[in-house]
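A.B. asks: With the sequence up front, the predicted model follows.
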Amino acid sequence: MSSRSRKRRAKLRPPDVGDGLDTATVDRYEPDYAQSCEACGEGPTVTGLRDGAVVLDTCLCGPCCFGDARMVDPCTWNG
């Protein structure tokens, strides 16, 4: 492969944006009682806040988001 082809392919490669679930950007998790979980239909869903602003809307309930059945109670999300 020529260096010209590599350079062109590097230009066309989409940027690495990650999965959007960077927990380092979240100060705390809050329940959103207005939505239902996209996976199981239960609620409330998990919303991540940083400096009082929403930075993460998972559209998943606690157990589906965190992978633990004990996370059904929003009081356990920040512990």
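C.D. replies: Now that the structure is in, tell me what you want to look at.
A.B. asks: Please, where are all the helices along the protein?
C.D. replies: Under the criterion DSSP state H, helices of the chain are mapped to 3-12, 62-66.
A.B. asks: Mean pLDDT lowest where, among the ones you listed?
C.D. replies: Mean pLDDT is lowest for helix 3-12 out of those, coming in at a mean of 64.
A.B. asks: what does the longest strand belonging to the chain contact?
C.D. replies: As far as residue count goes, and with DSSP state E defining each element, the longest strand of the chain is strand 53-61. Under the contact criterion C-beta atoms under 8 Å, 6 or more residues apart in numbering, strand 53-61 has outside partners 20-21, 25-26, 32, 35-40, 42-49, 65, 72. C-beta here means a position set from N, CA and C on the backbone, and glycine is covered the same way.
A.B. asks: Please list only the buried members of those.
C.D. replies: Among the contacts of strand 53-61, those scoring as buried are 26, 32, 35-37, 44-48, 65 (criterion: 16 or more other C-beta atoms under 10 Å).
A.B. asks: which among these gets closest to Asn78?
C.D. replies: Nearest to Asn78 among those is Val26, at 9.6 Å by C-beta to C-beta.
A.B. asks: quick revisit: from the contacts of strand 53-61, which land in strands?
C.D. replies: Secondary-structure check on the contacts of strand 53-61 using DSSP E: residues within strands are 32, 45-49.
A.B. asks: No further queries at this time; thank you.
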